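>>> A predicted structure for the sequence below; I have some questions about it.
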Amino acid sequence: MLQFVAIVGAIALAAMVGLLMSLIESATQNLMTTTAQHDRLADLQTEAADLDEVIATLDAESAAKALLTVDRSIQRWLVDLIEMRRASDHISATTFDNATQPLQRMIQIFPDITGDRKSGPEFADALAQLQTDSTRYARSVDKLQALAASAVNATATSLTRRRRIGMLAIGVLCLLYLAMIENMRYWTTRRLVRPVEELADAAIQAMRGEESLPQLEECGTQELNALARMLSSFVETLKQKVLERTAELERQKVTLEREVAVRRRAEEQLRHAAFHDRLTSLCNRDLLMDRLDRCITRARRNTDYKFAVLFLDVDRFKEVNDSLGHTVGDELLVGIAKRIQTCLRNTDTLSRVESNTISRIGGDEFVILLDGIKARTDASLVAERLQTELAAPFKLSGREVFSSASIGIAFNELEYDTPDHLLRDADAAMYHAKASGKARHEVFNKRMHEQAMARLQLDTDLRRAVENEELIVRYQPIVNLRTGRIDGFEALVRWNHPERGLVSPLEFISHAEETGLVVQLGKRVLEQACSQIRAWQDEFGLEASLAISVNVSKRQVAEPGLVQTVKEILEDTGVDGRCLKLEITETVIMANPDSITEVLHKLRELGVQIHMDDFGTGYSSLSYLHRFPIDVLKIDREFMSTMNANKDYAGIVHTIVVLAHNLNMEVIVEGVETRDQLSQLIALDCDHAQGFYFAEALDPDKAKELLVSRPHWIPASAA
Ligand code: C2E
Ligand code: CA
Ligand code: CA
């Protein structure tokens, strides 16, 4: 803008200077013309003086000739003068007329002089007139010349003045121009640049988001003021928007923070869930293994560093779980977890222990890592404290439950490579504690490892045994106490081991139960037993009066195909369903009352009887019995063996018998070893008995011999 104004100003100044110069030039031109006229008049003056002199000296004779020349000169002068008059503005018309008048008269006179028309006097008069006029003319020319001289002077003076005025005008113009430029600069600065700068500053501050913006004054051009107002309102709007946005962001931030907190909590929960047991909130197996791994690494670097692993397994937990239900079982586990925690916190010697890990790695298995113990006795001390702590009864769902735990301890002294091995050995020690009577602790030694290896071997061998049909069935008679006769057999499995000979089911059934192999094994026993009983029935013509009792394990009952398997075997062997009795232990029945009842009903639809085995060892309430489709209560042999020592047991057996009869059930008492016991059972109105007193479990041939001998055990008095 400034540049534009300056350029326009410069162009205007140049135009004015040009105009002045052209004026000066015209004045100079004028001066030159005037000077030329002056010079010409000076010449005319000389020539007029000469003419005047010539004319003055003219006499009549010479005049005519001379005057011819003079006449042409006079006429030329007149033309010159007339031209000069046209070009001159400093010689007035009057002056000029006065100057030329003598000449014109002279011109008029000349024909008179030069012509022959004039006589002597007339000629003389004319000549005199001419001379007068010539003199006048000379004077007029003098006058003209003076006038021209003064005109030259005046023109020169005017020119000088004009030059001065021109220079002054140029100077003034320049000053004006500068002033204008300065003014424009000032104006531009004040009205354009500064407001624009302020606007720019304000815009930058607004862009930076500064809180207070400078007050934009109304000092710029209309447009700038409008722009400033716009910027102000824009900034205001922006501020408002920023405030709203900030508030919105604040809200979003709060929401986000809440979400982040929720997510973080969820992540923590997930992380916690990934490494902790859901039920007890203790560490889980993964976390334990990780910590064990670290301890092993540390022990490798630092030989002074010691740690111990306590493998704790709750004794008879399965029974609690099976008989009182999973909810109570879970409560017990939570209670045990809490006691372990309390115990570890309160054990003084452990104040030296750097950090402990308490974990639940499976059902009723807890592992405690004592990190940084000083002596082996620390671990034993903790184990003892734990056992004391767990011995106190638990209040679960309104009832008191007693519990205990078997603990295996392993130290890192054997230079373990992996946590698995350490855990395996602590487990082996625990197994040993359990096998040695439960509720105790054992420290691992290499022999235990061998035993654990033996168990592993057992598993392999047992699988092979099932495949190779090394499992055989023995038959123990069940005697009807009303007739004194055998009315059935219990099928009891044996393992005909190629090296060890006959192996007791006590050595492998629980193992087969753990591994699930019992399902396959049980099916084989059922097939063999049914085939055998059918063979004897045919042989002795005992169609419906010789029964076979077969043990069914928990796993088998849980198998969905049990009813179908039984049905098929009955069909395949041709045994009447009423001759088959399935023995299911009390704890198994009580563990899953609802699901098992359904299975039992289906089995009964096949005509099969259900015998509740090992009755009296579980937690079943007698008042529950009527709910189950059970035909016979088979009282555990423990009762029989204790009955002699404790007379109360006879009362209990009697109560059971009465109750069973009231519920339309019969009673079998197992473990009868003496004649006295038999008499007692008869006196207690028991229905059946089984035990070594009659016969142990016999191979098929021996059992057949017994059948052939048709034994009778009831004394005539009792019968
Ligand atoms: P159980 O069902 O209670 O079987 C009775 C056990 O008591 C048998 O031991 C039998 O030999 C033993 N017994 C019989 N009379 C007397 C006696 O007068 N005194 C003493 N002290 N014991 C007597 P066995 O054959 O060693 O069986 C042990 C357990 O193995 C059985 O207990 C049963 O729970 C299980 N079992 C045996 N065969 C099978 C089977 O085929 N399938 C399943 N699932 N378990 C079986
Ligand atoms: Ca049995
Ligand atoms: Ca039994």
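Structure's in. What do you need? Ligands and ions are numbered 1, 2, ... in the order given.
>>> in this protein, which strand has the most residues?
As assigned by DSSP state E, the longest strand anywhere in the chain is strand 486-497.
>>> and it, how far from the chain's centre?
65 Å (Cα atoms, centre = their mean, to the nearest Å).
>>> and if you look at stretch 303-311?
Counting by Cα atoms, centre = their mean, stretch 303-311 comes out at 40 Å from the chain centroid.
>>> One more: stretch 197-213?
Chain-centre distance of stretch 197-213: 37 Å, with Cα atoms, centre = their mean.
>>> Stretch 188-208 now?
Worked out by Cα atoms, centre = their mean, stretch 188-208 lies 45 Å from the chain centre.
>>> what's near enough to touch Leu386?
Leu310, Leu312, Arg339, Ile340, Cys343, Ile368, Ala405, Ile407 (Cβ atoms under 8 Å, 6 or more residues apart in numbering). C-beta: built from backbone N, CA, C; applies to glycine.
>>> where does the fifth one fall, phi/psi-wise?
So that's Cys343. Phi and psi for Cys343, reported as degrees, to the nearest 10, are phi -60, psi -40.
>>> Mind giving me the packing neighbours of the longest strand of the chain?
Contact partners of strand 486-497 among helices and strands, from 3 or more Cβ pairs under 8 Å, 6 or more residues apart in numbering; DSSP states H and E: helix 446-467, strand 471-480, strand 501-503, helix 505-515, helix 518-540, strand 547-551, helix 700-709.
>>> Can I get it as CSV, trimmed to CA atoms?
Output of strand 486-497 as CSV, limited to C-alpha atoms (Å, rounded to 0.1, in the frame of the first residue of the first chain):
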residue,chain,number,x,y,z
ILE,A,486,-25.2,-119.5,50.0
ASP,A,487,-27.5,-117.4,47.9
GLY,A,488,-24.8,-115.4,46.1
PHE,A,489,-21.2,-114.4,45.6
GLU,A,490,-19.4,-111.1,45.6
ALA,A,491,-17.1,-110.8,42.7
LEU,A,492,-13.7,-109.4,43.8
VAL,A,493,-11.0,-108.6,41.3
ARG,A,494,-7.4,-109.7,41.5
TRP,A,495,-4.5,-108.9,39.4
ASN,A,496,-2.7,-112.0,38.2
HIS,A,497,0.7,-110.3,37.9
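>>> let's have the chain start at 289 instead
OK, 289 is where the count begins now, so the last one is strand 774-785.
>>> Flag every buried residue along that strand.
For strand 774-785, the buried set under the neighbour-count rule, 16 or more other Cβ atoms under 10 Å, comprises Ile774, Asp775, Gly776, Phe777, Glu778, Ala779, Leu780, Val781, Arg782, Trp783, His785.
>>> which of the helices and strands packed on strand 774-785 is buried the deepest?
Highest mean neighbour count of the helices and strands packed on strand 774-785: strand 835-839, a mean of 24 (counted as mean count of other Cβ atoms under 10 Å).
>>> Adjacent strands (with direction) for that strand?
Paired with strand 835-839 in the same sheet, following DSSP bridges, are strand 774-785 (parallel), strand 868-873 (parallel).
>>> That strand and ligand 3 in contact?
No - against ligand 3, strand 835-839 shows no contacts by Cβ under 5 Å from the ion, the least distance being 8.0 Å.
>>> now that strand: mean pLDDT?
What strand 835-839 shows for mean pLDDT is 98.
>>> and the helix or strand following that strand, does that touch ligand 1?
The C-terminal neighbour of strand 835-839 among helices and strands, as given by DSSP states H and E, is helix 842-846. No - applying Cβ under 6 Å from any ligand atom, one finds helix 842-846 separated from ligand 1 by no less than 7.0 Å.
>>> Show me what helix 842-846 is packed up against.
helix 806-828, helix 874-879.
>>> for those, which one sits closest to Lys527?
helix 874-879 (73.8 Å; Cβ to Cβ).
>>> Put the alpha carbons of the closest one into PDB.
Extracted C-alpha coordinates of helix 874-879, given in PDB (Å, rounded to 0.1, in the frame of the first residue of the first chain):
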ATOM      1  CA  GLU A 874     -22.300 -95.000  50.600                       C
ATOM      2  CA  THR A 875     -19.900 -92.100  50.000                       C
ATOM      3  CA  VAL A 876     -20.400 -92.300  46.200                       C
ATOM      4  CA  ILE A 877     -24.200 -92.300  46.600                       C
ATOM      5  CA  MET A 878     -24.200 -89.500  49.000                       C
ATOM      6  CA  ALA A 879     -21.800 -87.400  47.000                       C
END
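>>> Can you give the distance from that helix to the centre of its chain?
50 Å.
>>> For it, give me every contacting residue.
606-607, 609-611, 613, 841-842, 845, 884, 888, 900-908, 912, 916, 918.
>>> right, and Asp975 touches Leu969 too?
No - contact criterion Cβ atoms under 8 Å: Asp975 and Leu969 do not qualify, at 9.2 Å.
>>> which neighbours do these two share?
By Cβ under 8 Å, 6+ apart, Asp975 and Leu969 have these common neighbours: Leu769.
>>> who has more neighbours, those two?
Leu969 (27 against 19; other Cβ atoms under 10 Å).
>>> Next to ligand 1 in this structure, residues from the protein, please.
So the chain meets ligand 1 at 764, 779-781, 792-794, 797, 806, 810, 813, 839, 841, 871, 901-902, 925, 958-961, 978-980, 985 (Cβ under 6 Å from any ligand atom).
>>> and the end-to-end length of stretch 398-413?
Stretch 398-413 has an end-to-end distance of 12 Å (Cα to Cα, to the nearest Å).
>>> and whichever residue of the stretch 339-488 of the chain sits closest to ligand 2, what element?
Per Cβ to the ion, Ala488 is where the stretch 339-488 of the chain lies closest to ligand 2, at 101.9 Å. For Ala488, the element it lies in under DSSP H and E is helix 482-496.
>>> next SSE after that helix?
By DSSP H and E, the next helix or strand past helix 482-496 is helix 510-563.
>>> From the chain's centre, how far out is that following helix? Work that out for me.
Relative to its chain's centre, helix 510-563 lies at 19 Å (Cα atoms, centre = their mean).
>>> any idea of the angle that helix forms with helix 482-496?
Angle of helix 510-563 versus helix 482-496, following axes from the mean of the first three to the mean of the last three Cα atoms, to 10 degrees, is 10 degrees.
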